[in-house]
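Enquirer: any chance you could fold what I've pasted below:
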Amino acid sequence: MNNTDLMPLLSEMTVFVTVADEESFSQAGRKLGMAASSVSRSINRLEKSLQTKLLERTTRQVKLSTAGADVYLQCKQMLDSARSAVQAAHSMLDAAAGVIRIAAPKAFSKHVLSPIVLAFLDSYPGISVKFRVADHFIDPVGEEVDVIFRLTNQPLEGLISKTLTNADLVMCASREYLEIHGNPAHPEELALHQCISLGEQIGDDEWRFTNAHQKITVKTQSRFAVNHTEIRKAAVLQHMGISTFPDFTVQSEIESGELIEILPDWHVSGNYQGKVIMQYAQSNFMPIQIRKFVDFIHLQFQHRANQ
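Expert: Numbers count the residues shown, from 1 in each chain. Sure, this is the predicted structure:
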């Protein structure tokens, strides 16, 4: 097959890879901006040209045939090479321009990341940012995210990782609450207090503590549980009880005296803590807008650490 015959098949191969990745004609159509019927016709044309059945179709799922699996690997490599070619061209541009797609957890986005992103946009008027804020897991490859921020001690494999800072949990209550109910001197005393937990899963009301000498788990009680940092903080500020927060979400309230940190000599374990890690795809030809963004973020966190 010469280049003239091959060229019409390139777009069909793109559709084929997308269908295989999504395991669905309709999902692939939505991702490509095509009708499912057009996707189906594209696959039929490719199978006819290659004289090979590529996909096994049932009413419930779409899977690669044995021959299709081999073809898929080659087509996938072709698309990856095409993306690298585009990135190589973009990386040579003198002017920083283009779109960056980023994703980060909600509380971290509001309290830490969003001001930095706005400062970046002000510094680079030719660059656009699509900012996705979500606490659930986001697949940066499958959901086409260029840079992802995560609070975790287990970075995603296959991506470049840069640790920006650490996020620790702190336990707080309002001064008024503590004046009425007393300030716990030991984790076991929390069983006598109203403790506002996440309520995301079974066991969220069991708080785990460690210090240099002890490990202890306390079964807490409360009339209120909520997996939203700002709502939980509002409840604590209204003197409804004690709760845990990522430190960056309550730093200003602790500094102003609105909230009092409880049991600072104990480490409390839970969700939404760990290293704050920025991750992005490894490439010899990183687009200039992503390179500028990554460098800007890293520099901003270096400045924060030195303050």
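Enquirer: same for the helix or strand where Lys31 lies, what does it pack against?
Expert: Element membership for Lys31 (DSSP states H and E) is helix 25-32. Packing partners of helix 25-32 (3 or more CB pairs under 8 Å, 6 or more residues apart in numbering; DSSP states H and E): helix 3-22, helix 36-50. The way it works is simple: take the backbone N, C-alpha and C, and place the C-beta from them, glycine included.
Enquirer: now it: buried residues?
Expert: Buried residues in helix 25-32, counted by 16 or more other CB atoms under 10 Å: Phe25, Gln27, Ala28, Gly29, Lys31, Leu32.
Enquirer: ok, those vs Ile196, which is closest?
Expert: Ile196 has its nearest neighbour among these in Gln27, at 39.3 Å by CB to CB.
Enquirer: quick one: that closest one from Met34, how far?
Expert: The gap separating Gln27 from Met34 is 11 Å, by CB to CB, to the nearest Å.
Enquirer: and what of Asp168?
Expert: Noted for Asp168: a distance of 47 Å to Met34, by CB to CB.
Enquirer: so for these two, which sits in the more crowded spot?
Expert: Using other CB atoms under 10 Å as the criterion, Asp168 and Met34 rank with Met34 on top: 17 against 12.
Enquirer: what about Phe296, neighbour count?
Expert: Residues near Phe296, counting by other CB under 10 Å, number 17.
Enquirer: which SS class is it?
Expert: What DSSP: H, G, I helix; E, B strand; the rest coil gives for Phe296 is helix.
Enquirer: dump the residue contacts of Met278.
Expert: Val147, Ile148, Phe149, Ser161, Lys162, Leu164, Val294, Ile297, His298 (CB atoms under 8 Å, 6 or more residues apart in numbering).
Enquirer: residue contacts, the fourth one?
Expert: Spelled out, that is Ser161. So Ser161 contacts Pro155, Ile277, Met278, Gln279 (CB under 8 Å, 6+ apart).
Enquirer: not including adjacent chain positions, what is the nearest residue to it?
Expert: In this structure, Ser161 finds its nearest non-sequential neighbour in Pro155, 4.2 Å apart by CB to CB, 6 or more residues apart in numbering.
Enquirer: for the one you found, phi and psi?
Expert: phi -60, psi 160 (degrees, to the nearest 10).
Enquirer: wait, it touches Tyr280, no?
Expert: No: Pro155 lies out of contact with Tyr280 (CB atoms under 8 Å); the separation is 11.2 Å.
Enquirer: surely Ser128 and Arg101 touch.
Expert: No: using CB under 8 Å, Ser128 is not in contact with Arg101, being 9.6 Å away.
Enquirer: who's more crowded, those two?
Expert: More crowded of Ser128 and Arg101, by other CB under 10 Å: Arg101, with 17 against 13.
Enquirer: now do the SS call for the more buried one.
Expert: With three-state DSSP as the basis, Arg101 sits in strand.
Enquirer: Tyr280 versus that one, what's the distance?
Expert: Here the criterion is CB to CB. By it, Arg101 lies 11 Å from Tyr280.
Enquirer: sketch out the low-pLDDT regions of the chain for me.
Expert: For the chain, the stretches with pLDDT under 70 are 1-6, 8, 59, 85-95, 307.
Enquirer: circling back to that earlier point, so which pair among the contacts of Met278 is furthest apart in space?
Expert: Maximum pairwise distance among these (CB to CB): 14.7 Å, between Ile148 and His298.
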